[in-house]
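Peer 1: Based on what follows, work out the 3D shape:
(chains A and B)
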2 protein chains.
Amino acid sequence: MTDFSKTRDLFDLPKGVTYLDGNSLGPLPKATPARMQKMLTEEWGHHLIGAWNACDWMALPGHLGDRIGRLIGAEAGQTVIGDTLSIKVFQALAAALKLNPTRKVILSDSGNFPSDLYMAQGLVQLLGQDYELRVVAPEEVETNITDEIAVTLITEVDYRTGRRHDMPSLTAKAHANGALAIWDLAHSAGAFAPDVAAGGADFAVGCTYKYLNAGPGAPAFIYVAPRHADHAEPALAGWLGHDAPFDFDQAYRPAPGVTRMRVGTPPVLQMAALDAALDIWDTVDMEALRARSLELTDRFIAAVESTCPDLTLATPREHAQRGSQVSFRHPQGYAIMQALIAQRVIGDFRAPDILRFGFTPLYTTDADVDHAATTLATILDQRLWDTPEFQARKAVT
Amino acid sequence: MTDFSKTRDLFDLPKGVTYLDGNSLGPLPKATPARMQKMLTEEWGHHLIGAWNACDWMALPGHLGDRIGRLIGAEAGQTVIGDTLSIKVFQALAAALKLNPTRKVILSDSGNFPSDLYMAQGLVQLLGQDYELRVVAPEEVETNITDEIAVTLITEVDYRTGRRHDMPSLTAKAHANGALAIWDLAHSAGAFAPDVAAGGADFAVGCTYKYLNAGPGAPAFIYVAPRHADHAEPALAGWLGHDAPFDFDQAYRPAPGVTRMRVGTPPVLQMAALDAALDIWDTVDMEALRARSLELTDRFIAAVESTCPDLTLATPREHAQRGSQVSFRHPQGYAIMQALIAQRVIGDFRAPDILRFGFTPLYTTDADVDHAATTLATILDQRLWDTPEFQARKAVT
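Peer 2: Numbering: from 1, shown residues only, chains lettered A, B, ... in the order given. Have a look, this model is predicted:
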C-alpha cells in the first residue's frame, strides 16, 4: 500500500506554491537532476557513441514503455515510447485505417484535444479519397458509432471538464459495428488506472509530462493490442521500427510487435528524466492511487461548493465518470484563475469559462485542497479578480 | 577567425581517447551539464507550467532553428527544430508531393540513409495510388531527373563514403524538369557550410546530434524555402504548427511560414542541450571551419595512404566532392575497426567494408590525426585485427 504522505517528499516543489496543474506539467522529481547528470557525464560524456550499447540506450524505449504499460493495463512488450503524442496519434490512426480498409470515417468528439483533431485532419487531407473526420458532441459518440466508422479516436478524460468516457462500453460498440478504437490516455495515465486490455482498446496513446512527471517535452507512448501488433502497417516507417535496423537494408521491413511503432533516434536525455520519474511510479499501488484521488477531488468539490456559490461544477459528480481533475465554470473564469495564480495557487483556465484543477495523490495534500478552496472563496467574495491586470493577461498553456 | 586550438577545451573528451566519430554522436560540451541543471531546477522546477511563458520555451524551436539556419545558409525565420530527422523527412516529402500534385515519383539514391528511404517507403505505401520511390545509384541521380519526378530526396554527403553531391547542379536540374528538391544535411550541418539558399533547396532537413554536438536524441531541423513556406501543406498537422494554438479551435489552420512544420510539444530538455551546443557554434567562422576540416582530412588521407597500402580510399580526393569524413575500404574492415576501438581510436564501420572517420575542427587536432593513422598502420602491419574477438563482435551504431 503506497503511503501518499511520504511520496510528496520525492518532488522538488517550490515553497509557498499550491500546485494543481500537474495535469499540464508534472513537477520535478528530486531524483531527476542527478539521473540527468549521470546521463550527461557518465553515459554520453564518457562512453560517447559506445553508450548506445554500453548503456543500453537502444533498448530504453521498450523498457520505459513496459513500465508505463503496467500503469495502463498492458502486458510487457505492448507499449513503446518515443516522439510526441501528436505523432503517436497519427501513427495509430494511419495504422487503424489500413486495418479497416473499406471504411473512410474517423469518429471523434468535440471534447477531444484540438491537437488530436488536427492530426486527424492532416491525415485525412493527406489521404484524400473521401476520407473524413467526423466530430460529434461527447454525449453523441455512442449513437454515432455505426457501420460507416473505420475507427474512433477518443480521449478518455476531457481536458476541460474532466468528464471520463466509458472505455469498455464505447469500444464494445465500436467492435460490434466493425470499427477499431483508439484511446488517448493523456489525462488518464497516472491519474487513475485505465485498463487498455479490459477496455478492449485497439490502440492507446498518451504523454508522460502530465501526471507521470517526466518533464517538459517528455516522449509519448503508444500501446498496440497484441492482436494487431504484427499486422499494423507503420505509416511512419522509421529505421528503429525496422526488423533489423543495423543491417542497413534498403527495403523497410517492420519489426514484430509494437517495436514497429518506433520511428527515429529516441530522445535519450528526455528518457533519463522519464526513467527517474518512473522510479516513483514503479512503487505506486494504482488502486490506492485512485482511492486517494477520489478523496482529494471529493474534498475539493465539497469545499468549493460550500463556499463559492457562483461557481458551477463542470465535472461529473459520479466517480466512474471522472478522472483526477475538477473543473468549475464561471463567466470570469480567466480573471479568477489569474487572481488565484497571483496568490500562488496554480490551476489553469480553458476557454470559454473553465477553471481547471488537477489532483495528484503523489504530492497533493489535504492542506493543498483546503488552501486552494479557501483562496478561491476569498477571491470570489472580495472580487479580487476584478482588476484590469487579471482580465488582460493572455494565458499560453 | 575562429581559433581551433582553443575550441577543443570547450568539450569534455575522455582522456586517452581519439574520437573520430563525431559524425555519429558529437561529444559533450562542457557547458551542457550546467545549462541542463539550470533548465531542470530553475526553469522546470521553479516555474513549473509557468515556464512556457517565463522561460520562453514556446519560442525556442524557432530561436534554435534560426541559429542552425546561419550554419546552412538560411535566413532567420526559415528553419525550425523538433521531432527526429525521420519525421522531418516525412514532412518535407509529404509537403513536396502536394506542391507537385500531378507527379508520383520520389527519386533517391542508394547512397542515401536507409532511414530516409524507409520513411519514403512508408509514405508511398500510405498514399497508394501509384506513388513510387525510385532508388538509383548515386552517380545516376542526375540522368534520372526527368519530367516524371515529383521530388528528389538526396542526402548531400554519403554516410558511408563521404562523397558529396553537388547541391546547386542537381537542384537546378530538378527545377528545370519541374521537380522539387529535398536535401538531407545530416552529414553537412556543422561539417562545412552547406548553402540552402545558393543551392536552391526547396526543403532541407538534418539532425543536431552529429557535428552539432547537441547530444543523443537531439531534435532535428527543417528548412523550407520562403517561396513554399506559406503554401506547404503540413501532413503532420500539429497544434504547435497551428496559426493560433492557444485558441483551441477545432479546425486546423497552418501558421504562416516554417512554423507550420512544428508538430507537438517540443523536447524542452533536449533543447537545453542544443542551446548549449549552439553557444559554441555561434562563434564559429564557417569558412575557417571548412579550411581546417580540409587540412585535417588531407593530412589523414596522406598519412594513411603512405603507411597502409592495403586500405583503399573510398572518399573522393577532390575537396569539392567530399564533406568532413574520410572512409577507407578493406575486406576485414569490421575487425580492423574493432581493433582500433580497442586501442581507443574511435571511428566506425559501415557494411560491407567501410572504415569511417569523422573530422571535426572544433576538437580534432593534428595529433589526433597522426595518432589515428599510426595506430591504424600498426594494426594492419601486425595483423592485430586477426583475432576471434574482433571478428565476432556486432556493431550497433
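Peer 1: hmm, stretch A:4-11 touching chain B?
Peer 2: No: residues of stretch A:4-11 are not located near chain B by C-beta under 8 Å from any C-beta of the partner chain, the shortest gap being 9.1 Å. Every C-beta, even on glycine, is put in place using the N, C-alpha and C of the backbone.
Peer 1: isn't there a helix covering A:Ser327?
Peer 2: No: under DSSP: H, G, I helix; E, B strand; the rest coil, A:Ser327 sits outside any helix and is assigned strand.
Peer 1: got a list of what it touches?
Peer 2: Taking C-beta atoms under 8 Å, 6 or more residues apart in numbering or on different chains, we find A:Ser327 in contact with A:Arg160, A:Thr161, A:Gly162, A:Leu313, A:Ala314, A:Thr315, A:Arg350, A:Ile354, A:Leu355, A:Arg356, A:Phe357.
Peer 1: quick one: A:Thr171 and A:Ala197 touch, right?
Peer 2: No: with contact defined as C-beta atoms under 8 Å, A:Thr171 does not reach A:Ala197; the gap is 11.0 Å.
Peer 1: Show me the beta-bridge partners of A:Phe349.
Peer 2: Beta-bridge pairing for A:Phe349 (DSSP bridges): A:Leu355.
Peer 1: so where do the strands sit in chain A?
Peer 2: Along chain A, counting by DSSP state E, strands occupy A:18-19, A:79-82, A:105-109, A:132-136, A:149-155, A:180-184, A:203-207, A:220-224, A:312-313, A:325-329, A:345-346, A:348-350, A:354-358.
Peer 1: Just give me the lowest mean pLDDT stretch among those strands.
Peer 2: Per-stretch averages of pLDDT across these put strand A:348-350 at the bottom, with a mean of 93.
Peer 1: can you list contacts of that strand?
Peer 2: A:21, A:24, A:159-160, A:327, A:333-334, A:337-338, A:355-356, A:395, A:397, B:49, B:248.
Peer 1: so which two of these are the farthest from each other?
Peer 2: Farthest apart among these by C-beta to C-beta are A:Tyr159 and A:Gln338. That separation is 19.6 Å.
Peer 1: between the two, who's got more neighbours?
Peer 2: A count of neighbours by other C-beta atoms under 10 Å in any protein chain shown puts A:Tyr159 above the other of A:Tyr159 and A:Gln338, at 24 against 21.
Peer 1: Okay, that one and A:Gly333: tell me how far apart.
Peer 2: In this view, A:Tyr159 and A:Gly333 are 15 Å apart by C-beta to C-beta, to the nearest Å.
Peer 1: Could you do A:Ala255 as well?
Peer 2: With distances taken as C-beta to C-beta, A:Ala255 is found 47 Å from A:Gly333.
Peer 1: okay, the two: which has more neighbours?
Peer 2: The neighbour count for A:Ala255 versus A:Gly333, taken as other C-beta under 10 Å, is higher for A:Gly333 (22 against 18).
Peer 1: thought the more buried one was touching A:Gly347?
Peer 2: No: when contacts are counted by C-beta under 8 Å, A:Gly333 is not listed as touching A:Gly347 (10.2 Å).
Peer 1: Need the overlap of contacts for the two.
Peer 2: A:Leu355.
Peer 1: I'd guessed A:Ile354 sits against A:Val326; true?
Peer 2: No: applying C-beta under 8 Å, one finds A:Ile354 not in contact with A:Val326, separated by 10.6 Å.
Peer 1: Would you map the helices across the stretch 151-300 of chain A?
Peer 2: For the stretch 151-300 of chain A, applying DSSP state H, counting those that start in this stretch gives helices covering A:167-176, A:196-199, A:226-229, A:268-281, A:286-307.
Peer 1: contact partners of the first one?
Peer 2: Applying C-beta under 8 Å, 6+ apart, the set of residues contacting helix A:167-176 from outside is A:141-142, A:145, A:149, A:151-152, A:154, A:156, A:180-181, A:183, A:194-195, A:198-202.
Peer 1: So which bits of that helix are buried?
Peer 2: Under the neighbour-count criterion of 16 or more other C-beta atoms under 10 Å in any protein chain shown, helix A:167-176 has A:Met167, A:Leu170, A:Thr171, A:Lys173, A:Ala174 buried.
Peer 1: Can you lay out those residues as JSON lines showing pLDDT?
Peer 2: Putting these into JSON lines (pLDDT from 0 to 100) gives the following:
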{"residue": "A:Met167", "pLDDT": "98"}
{"residue": "A:Leu170", "pLDDT": "98"}
{"residue": "A:Thr171", "pLDDT": "98"}
{"residue": "A:Lys173", "pLDDT": "98"}
{"residue": "A:Ala174", "pLDDT": "98"}
